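Visitor: whatever this is, show me its structure:
(2 chains)
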Amino acid sequence: EAGVAQSPRYKIIEKRQSVAFWCNPISGHATLYWYQQILGQGPKLLIQFQNNGVVDDSQLPKDRFSAERLKGVDSTLKIQPAKLEDSAVYLCASSLREAYGYTFGSGTRLTVV
Amino acid sequence: GIQVEQSPPDLILQEGANSTLRCNFSDSVNNLQWFHQNPWGQLINLFYIPSGTKQNGRLSATTVATERYSLLYISSSQTTDSGVYFCAAVNFGNEKLTFGTGTRLTIIP
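Guide: Model (predicted):
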(Lines give C-alpha, C1' and ligand atoms only; values in the text may rest on other atoms or scores of the structure.)
Protein backbone atom coordinates (compact mmCIF):
# COMPACT_ATOMS: atom_id res chain seq x y z
CA GLU A 1 0.00 0.00 0.00
CA ALA A 2 1.12 3.56 -0.59
CA GLY A 3 2.42 5.35 2.50
CA VAL A 4 1.51 8.67 4.05
CA ALA A 5 2.43 11.47 1.64
CA GLN A 6 3.57 14.89 2.85
CA SER A 7 4.70 18.02 1.09
CA PRO A 8 6.80 20.04 0.92
CA ARG A 9 9.85 18.22 2.34
CA TYR A 10 11.60 21.43 3.32
CA LYS A 11 10.52 25.03 3.84
CA ILE A 12 12.44 28.12 4.93
CA ILE A 13 10.44 31.25 5.79
CA GLU A 14 10.98 34.48 7.64
CA LYS A 15 9.30 35.08 10.98
CA ARG A 16 5.78 36.52 10.74
CA GLN A 17 5.24 34.87 7.34
CA SER A 18 2.66 32.14 6.85
CA VAL A 19 3.19 28.55 5.72
CA ALA A 20 1.04 25.52 4.94
CA PHE A 21 1.77 21.81 4.95
CA TRP A 22 -0.17 19.08 3.19
CA CYS A 23 -0.77 15.45 4.12
CA ASN A 24 -2.44 12.59 2.26
CA PRO A 25 -2.97 9.59 4.57
CA ILE A 26 -3.09 5.92 3.67
CA SER A 27 -6.29 5.12 1.83
CA GLY A 28 -9.03 4.02 4.21
CA HIS A 29 -7.34 5.32 7.35
CA ALA A 30 -9.96 7.21 9.29
CA THR A 31 -7.64 8.73 11.86
CA LEU A 32 -5.06 11.39 10.97
CA TYR A 33 -2.55 13.08 13.25
CA TRP A 34 -0.19 16.05 13.03
CA TYR A 35 2.91 15.95 15.21
CA GLN A 36 5.58 18.57 15.85
CA GLN A 37 9.13 17.37 16.49
CA ILE A 38 11.63 19.90 17.76
CA LEU A 39 15.28 18.97 17.34
CA GLY A 40 16.44 16.57 20.03
CA GLN A 41 12.95 15.75 21.28
CA GLY A 42 10.29 13.15 20.61
CA PRO A 43 7.31 14.06 18.43
CA LYS A 44 4.46 15.89 20.18
CA LEU A 45 0.84 15.58 19.08
CA LEU A 46 -0.68 18.82 17.76
CA ILE A 47 -4.06 17.63 16.49
CA GLN A 48 -5.97 14.42 15.84
CA PHE A 49 -8.80 13.96 13.32
CA GLN A 50 -11.31 11.14 13.13
CA ASN A 51 -12.65 11.32 9.57
CA ASN A 52 -13.15 15.09 9.17
CA GLY A 53 -13.87 15.85 12.82
CA VAL A 54 -11.33 17.04 15.42
CA VAL A 55 -10.83 14.55 18.28
CA ASP A 56 -8.05 16.33 20.15
CA ASP A 57 -6.46 19.72 19.54
CA SER A 58 -5.51 20.50 23.14
CA GLN A 59 -1.83 20.95 22.24
CA LEU A 60 -2.42 23.09 19.15
CA PRO A 61 -1.42 26.78 19.60
CA LYS A 62 -4.69 28.02 18.16
CA ASP A 63 -3.67 31.67 18.03
CA ARG A 64 -1.32 30.86 15.15
CA PHE A 65 -1.88 27.23 14.08
CA SER A 66 -4.90 25.88 12.23
CA ALA A 67 -5.67 22.55 10.59
CA GLU A 68 -8.44 21.11 8.54
CA ARG A 69 -9.33 17.78 7.00
CA LEU A 70 -11.90 18.32 4.31
CA LYS A 71 -13.90 15.28 3.16
CA GLY A 72 -12.11 13.12 5.71
CA VAL A 73 -9.07 12.48 3.48
CA ASP A 74 -6.32 15.08 2.87
CA SER A 75 -5.32 17.50 5.58
CA THR A 76 -3.53 20.84 5.73
CA LEU A 77 -1.74 22.42 8.68
CA LYS A 78 -1.16 26.17 8.60
CA ILE A 79 0.97 28.49 10.68
CA GLN A 80 0.24 32.22 10.58
CA PRO A 81 2.28 34.14 11.63
CA ALA A 82 5.33 31.94 12.15
CA LYS A 83 7.71 32.40 15.06
CA LEU A 84 11.34 31.32 15.40
CA GLU A 85 10.32 28.60 17.89
CA ASP A 86 8.11 26.97 15.25
CA SER A 87 11.25 25.63 13.56
CA ALA A 88 10.73 21.88 13.69
CA VAL A 89 9.79 18.84 11.66
CA TYR A 90 6.04 18.50 11.15
CA LEU A 91 4.98 14.88 10.85
CA CYS A 92 1.69 13.53 9.63
CA ALA A 93 0.53 10.05 10.60
CA SER A 94 -2.53 7.94 9.97
CA SER A 95 -4.06 4.81 11.43
CA LEU A 96 -6.98 2.56 10.61
CA ARG A 97 -8.49 3.18 14.02
CA GLU A 98 -7.36 4.84 17.21
CA ALA A 99 -4.88 2.72 19.18
CA TYR A 100 -3.94 0.69 16.10
CA GLY A 101 -0.53 0.93 14.52
CA TYR A 102 0.41 4.38 13.27
CA THR A 103 2.22 5.05 9.96
CA PHE A 104 4.19 8.28 9.59
CA GLY A 105 4.98 10.35 6.54
CA SER A 106 8.47 11.67 5.74
CA GLY A 107 7.74 14.98 7.42
CA THR A 108 8.22 18.64 6.51
CA ARG A 109 11.28 20.35 7.95
CA LEU A 110 10.42 23.98 8.68
CA THR A 111 13.09 26.58 9.38
CA VAL A 112 11.95 30.03 10.51
CA VAL A 113 14.64 32.72 10.22
CA GLY B 1 -1.38 11.28 30.55
CA ILE B 2 0.94 8.34 30.19
CA GLN B 3 4.68 8.84 30.78
CA VAL B 4 7.15 7.03 28.53
CA GLU B 5 10.82 6.80 29.49
CA GLN B 6 13.61 5.30 27.44
CA SER B 7 17.11 4.17 28.32
CA PRO B 8 19.90 4.60 27.64
CA PRO B 9 19.70 8.05 26.04
CA ASP B 10 22.83 7.39 23.97
CA LEU B 11 24.55 4.22 22.87
CA ILE B 12 27.72 3.87 20.83
CA LEU B 13 28.65 0.41 19.59
CA GLN B 14 31.05 -1.29 17.25
CA GLU B 15 29.61 -2.86 14.14
CA GLY B 16 28.58 -6.44 14.85
CA ALA B 17 27.69 -5.86 18.50
CA ASN B 18 24.29 -6.58 20.05
CA SER B 19 22.20 -4.03 21.93
CA THR B 20 19.13 -3.80 24.14
CA LEU B 21 17.00 -0.68 24.36
CA ARG B 22 14.46 -0.28 27.14
CA CYS B 23 11.12 1.53 27.33
CA ASN B 24 9.19 2.00 30.57
CA PHE B 25 5.62 3.29 30.62
CA SER B 26 3.56 4.51 33.51
CA ASP B 27 0.13 3.07 32.72
CA SER B 28 -1.65 0.18 30.99
CA VAL B 29 -1.36 0.36 27.22
CA ASN B 30 -3.39 -0.84 24.26
CA ASN B 31 -0.76 0.21 21.75
CA LEU B 32 3.03 0.15 22.01
CA GLN B 33 5.20 0.84 18.99
CA TRP B 34 8.91 1.03 18.31
CA PHE B 35 10.14 3.42 15.61
CA HIS B 36 13.51 4.07 14.03
CA GLN B 37 14.13 7.65 12.94
CA ASN B 38 16.78 7.70 10.27
CA PRO B 39 19.22 10.60 9.70
CA TRP B 40 16.77 12.13 7.22
CA GLY B 41 14.04 12.32 9.86
CA GLN B 42 11.82 9.54 8.55
CA LEU B 43 10.04 7.59 11.31
CA ILE B 44 10.01 3.95 10.34
CA ASN B 45 7.61 1.67 12.19
CA LEU B 46 9.56 -1.33 13.51
CA PHE B 47 7.05 -3.11 15.70
CA TYR B 48 3.47 -2.79 16.85
CA ILE B 49 3.71 -4.73 20.09
CA PRO B 50 1.30 -3.98 22.96
CA SER B 51 2.24 -7.37 24.44
CA GLY B 52 4.30 -10.47 23.70
CA THR B 53 7.34 -10.97 21.50
CA LYS B 54 7.93 -10.32 17.80
CA GLN B 55 10.94 -10.78 15.56
CA ASN B 56 11.88 -9.26 12.23
CA GLY B 57 15.30 -10.27 10.96
CA ARG B 58 18.00 -8.96 13.28
CA LEU B 59 15.47 -7.04 15.34
CA SER B 60 13.13 -8.37 17.98
CA ALA B 61 10.93 -6.79 20.63
CA THR B 62 9.27 -7.93 23.82
CA THR B 63 6.59 -6.13 25.79
CA VAL B 64 5.69 -7.24 29.31
CA ALA B 65 2.48 -5.29 29.73
CA THR B 66 1.89 -6.35 33.35
CA GLU B 67 5.28 -4.93 34.35
CA ARG B 68 4.97 -1.91 32.05
CA TYR B 69 8.10 -2.20 29.98
CA SER B 70 9.23 -3.10 26.50
CA LEU B 71 12.63 -4.09 25.14
CA LEU B 72 14.04 -3.74 21.64
CA TYR B 73 16.90 -6.06 20.72
CA ILE B 74 19.25 -5.40 17.82
CA SER B 75 21.68 -8.17 16.95
CA SER B 76 24.79 -7.98 14.76
CA SER B 77 24.50 -4.19 14.45
CA GLN B 78 25.20 -2.52 11.13
CA THR B 79 26.05 1.11 10.42
CA THR B 80 22.62 1.53 8.82
CA ASP B 81 21.08 0.83 12.25
CA SER B 82 22.34 4.23 13.42
CA GLY B 83 19.70 6.79 14.30
CA VAL B 84 17.22 7.49 17.06
CA TYR B 85 14.92 4.77 18.34
CA PHE B 86 11.60 5.87 19.80
CA CYS B 87 9.13 3.97 21.87
CA ALA B 88 5.56 5.30 21.81
CA ALA B 89 2.47 4.19 23.68
CA VAL B 90 -1.28 4.70 23.83
CA ASN B 91 -3.00 4.02 27.11
CA PHE B 92 -6.60 3.01 27.66
CA GLY B 93 -8.92 5.97 27.94
CA ASN B 94 -6.48 8.48 26.45
CA GLU B 95 -6.10 7.64 22.80
CA LYS B 96 -2.96 9.65 22.07
CA LEU B 97 0.34 8.16 20.92
CA THR B 98 2.88 9.51 23.42
CA PHE B 99 6.56 9.27 22.56
CA GLY B 100 9.54 8.70 24.80
CA THR B 101 12.63 10.86 24.54
CA GLY B 102 14.43 8.31 22.38
CA THR B 103 17.72 6.41 22.36
CA ARG B 104 20.37 7.69 19.96
CA LEU B 105 22.28 4.69 18.58
CA THR B 106 25.58 5.17 16.78
CA ILE B 107 27.21 2.17 15.13
CA ILE B 108 30.91 2.62 14.38
CA PRO B 109 32.45 0.64 11.48
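
Visitor: residues of chain B that sit close to chain A?
Guide: For chain B, the contact set with chain A under C-beta under 8 Å from any C-beta of the partner chain comprises B:30-31, B:33, B:35, B:40-43, B:45, B:48, B:86, B:88, B:90, B:95-102. C-betas here are computed from N, CA, C, even on glycine.

Visitor: in helices, which of those residues fall?
Guide: In helices, judged by DSSP state H, none of those are found.

Visitor: now the buried members of those.
Guide: By neighbour count, with 16 or more other C-beta atoms under 10 Å in any protein chain shown, those hold B:30-31, B:33, B:35, B:41-43, B:86, B:88, B:90, B:95-102 as buried.

Visitor: could you list which of the residues you listed belong to strands?
Guide: Of those, the ones assigned to strands by DSSP state E are B:30-31, B:33, B:35, B:43, B:86, B:88, B:90, B:95-99.

Visitor: pLDDT for the residues you listed - can I get that in CSV?
Guide: What follows is those, written out as CSV (pLDDT from 0 to 100):
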residue, pLDDT
B:Asn30, 84
B:Asn31, 87
B:Gln33, 94
B:Phe35, 95
B:Leu43, 89
B:Phe86, 97
B:Ala88, 94
B:Val90, 87
B:Glu95, 70
B:Lys96, 79
B:Leu97, 86
B:Thr98, 91
B:Phe99, 94
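
Visitor: from memory A:His29 sits against A:Ser94, does it?
Guide: Yes: counting by C-beta atoms under 8 Å, A:His29 touches A:Ser94, with 3.8 Å between them.

Visitor: and these two? Which one has more around it.
Guide: Ranked by neighbour count (other C-beta atoms under 10 Å in any protein chain shown), A:His29 and A:Ser94 place A:Ser94 first, with 23 against 19.

Visitor: name the residues contacting each of A:His29 and A:Ser94.
Guide: Taking C-beta atoms under 8 Å, 6 or more residues apart in numbering or on different chains as the contact rule, A:His29 and A:Ser94 both touch A:Thr103.

Visitor: ok, the closest residue to chain A within chain B - contacts?
Guide: The minimum distance from chain B to chain A, using C-beta to the nearest C-beta, falls at B:Phe99 (3.4 Å). B:Phe99 makes contact with A:42-44, B:4, B:86-88, according to C-beta under 8 Å, 6+ apart.

Visitor: switch to 10 Å and redo it
Guide: When contacts are counted by C-beta atoms under 10 Å, 6 or more residues apart in numbering or on different chains, B:Phe99 is found next to A:35, A:37, A:41-45, B:4, B:6, B:33, B:35, B:43, B:86-89.

Visitor: state the helix or strand in which A:Arg109 lies.
Guide: Applying DSSP states H and E as the criterion places A:Arg109 in strand A:108-112.

Visitor: roughly how far does A:Gln41 sit from B:Tyr73?
Guide: A:Gln41 sits 25 Å away from B:Tyr73, going by C-beta to C-beta, to the nearest Å.
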